[in-house]
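1. turn this into a structure:
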Amino acid sequence: YGAVVQYKSRINRIKRGICSSWLASISPGQGPKIPIWVKSGTMTLPKDPSIPIVMVGPGTGCAIFRAFLQERDHHRKSGIESGDSIFLFGCRHAKMDFLYGEEWASLVSNGTLKYFGVAYSRDSNKKFYVQNLIAQNQWSERIWEFIHKRGGSFYISGAAKKMPQDVRNALKLVVQQQGGFDDEGSEKYLKFLEMKNRFLTETWY
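-> Predicted coordinates for the structure are as follows:
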């Protein structure tokens, strides 16, 4: 199933998706053949399921982390040791676009997801994003424990505008504040994580 993209612009004009509108105009069995393929992502869970992970995925960036947590939940139910997980999610409004909220709550209650945090960017006068969550002391301490003291991996997924760099900068501050590194040292630390495939980013426009 699919849907035709259609919305009103800021000046109240109807906008329609070019691709979805064209597809909707074609009768089944007629028209050209349209190739469809699945492209493998760049991020995978650690080979050792006992390794802890930190996931930052605002908006639709949560999709891959939902799959990660479903796999870890399956491990837990199968008696396979599964590492602790942190997931920081972000959306505009709690009542409008809090994707899979009940599922995250269930994963926390059954122990699959150890720590879960949400940044609602439009529910207060001051915008609040996932990078602001990371900067909070309780999250900063937890993230440092997971990636440094316990050898965990850090993941970012979502829109490729400002968010990935802002999250990276926030993580760099965590390394400085929790680990005592200076600016140069913290940058080298993040590059070391990247080299070891322990700091992975998958974003899109």
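2. where does this protein have its least confident helix or strand?
-> Using mean pLDDT, DSSP states H and E, strand 6-8 stands out as the lowest-scoring helix or strand of the chain, at a mean of 82.
3. after that strand, next one along is what?
-> strand 14-16 (DSSP states H and E).
4. and the next helix or strand past that following strand?
-> Later in the chain than strand 14-16, the nearest helix or strand by DSSP H and E is helix 18-24.
5. partner strands of the following helix or strand past that next one and their direction?
-> If you walk from helix 18-24 toward the C-terminus, the next helix or strand you reach (DSSP H and E) is strand 53-56. Using DSSP bridges, strand 53-56 pairs in its sheet with strand 85-91 (parallel), strand 153-159 (parallel).
6. other residues contacting strand 53-56?
-> Residues from elsewhere that reach strand 53-56, judged by Cβ atoms under 8 Å, 6 or more residues apart in numbering: 45-46, 65, 68, 83, 85-88, 130, 134, 143, 146-147, 152-158, 167. In short, each C-beta sits where N, CA and C put it, glycine included.
7. now the residue of the chain most remote from its centre, what are its backbone angles?
-> What lies farthest from the middle of the chain is residue 30; by Cα atoms, centre = their mean that is 39.1 Å. Dihedral pair for residue 30: phi -120, psi 170, per degrees, to the nearest 10.
8. so where is the chain shaky, pLDDT-wise?
-> Within the chain, the stretches with pLDDT under 70 are 1-2.
9. report the separation between the residue most central in space within it and residue 12.
-> Geometric centre of the chain, nearest residue: residue 57, 1.8 Å, by Cα atoms, centre = their mean. Separation of residue 57 from residue 12 (Cβ to Cβ, to the nearest Å): 33 Å.
10. cool, residue 70 as well?
-> For residue 70 relative to residue 12 (Cβ to Cβ), the value is 41 Å.
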